[in-house]
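Sequence first, then the predicted structure, then my questions.
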Amino acid sequence: MKLRVLFLCATNGIQSPIAEALLNGLDSEHFEAISAGIERGETHPLTIEVMKDIGIDLRERATKATHDVLDGCFNFVITLCDRARSECPNLPEAEIVHWRFDDPMAVPDYWKRKRLFQSLRDQIAHRVRLFALVQARAA
């Protein structure tokens, strides 16, 4: 049985689609990853760009809000920003985990922001690999 993981950020535009794609790409045998935002936003163009750099195409993915996914049961809900942590819906069957990352939108310069998006992608990839290793061993 696959572990169902919900990655949650503010708008489903930056952190959560990265995490969803990385976990599904890493181990779809043991995990089913879904992502959503507290509210539905748009996938940020730099999210699409930095994921394309590693061979993952997010251009056609539709963003989701929490109300779009709450009918499903999750083993884990992983919040990826402070807003998602504070506004996370009550899901009593799920273990809630918070991974904090710096906001890549905090920098106005395009090239610095792009480097922050790349760094964010790499940080999320690292945590996803560790999470998958620990959870797959526990199962």
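It's in. Residues are numbered from 1 along each chain as shown.

Mean pLDDT per helix and strand in this structure: which one sits at the bottom?
helix 66-69 (a mean of 92; mean pLDDT, DSSP states H and E).

so which strand or helix has Lys112?
For Lys112, the host element (DSSP states H and E) is helix 110-138.

in which helix or strand would I find the most centrally placed residue in the chain?
Among the residues of the chain, the one closest to the centroid is Ser16, at 2.2 Å (Cα atoms, centre = their mean). Assignment of secondary structure by DSSP H and E places Ser16 within helix 15-26.

Can I get that helix in CSV? Just the C-alpha atoms.
Extracted in CSV, the C-alpha atoms of helix 15-26 (Å, rounded to 0.1, in the frame of the first residue of the first chain):
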residue,chain,number,x,y,z
GLN,A,15,7.4,24.7,-3.0
SER,A,16,4.6,22.2,-3.1
PRO,A,17,4.6,21.4,-6.9
ILE,A,18,8.4,20.9,-6.7
ALA,A,19,8.1,18.5,-3.7
GLU,A,20,5.2,16.6,-5.4
ALA,A,21,7.1,16.1,-8.6
LEU,A,22,10.3,15.1,-6.9
LEU,A,23,8.7,12.5,-4.6
ASN,A,24,6.6,11.0,-7.4
GLY,A,25,9.6,10.9,-9.6
LEU,A,26,11.8,9.4,-6.9
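
can you tell me how far Glu39 sits from Phe101?
From Glu39 across to Phe101, the span is 19 Å (Cβ to Cβ, to the nearest Å). C-beta here means a position set from N, CA and C on the backbone, and glycine is covered the same way.

now do Leu6
Using Cβ to Cβ, which is the criterion applied here, Leu6 is 17 Å from Phe101.
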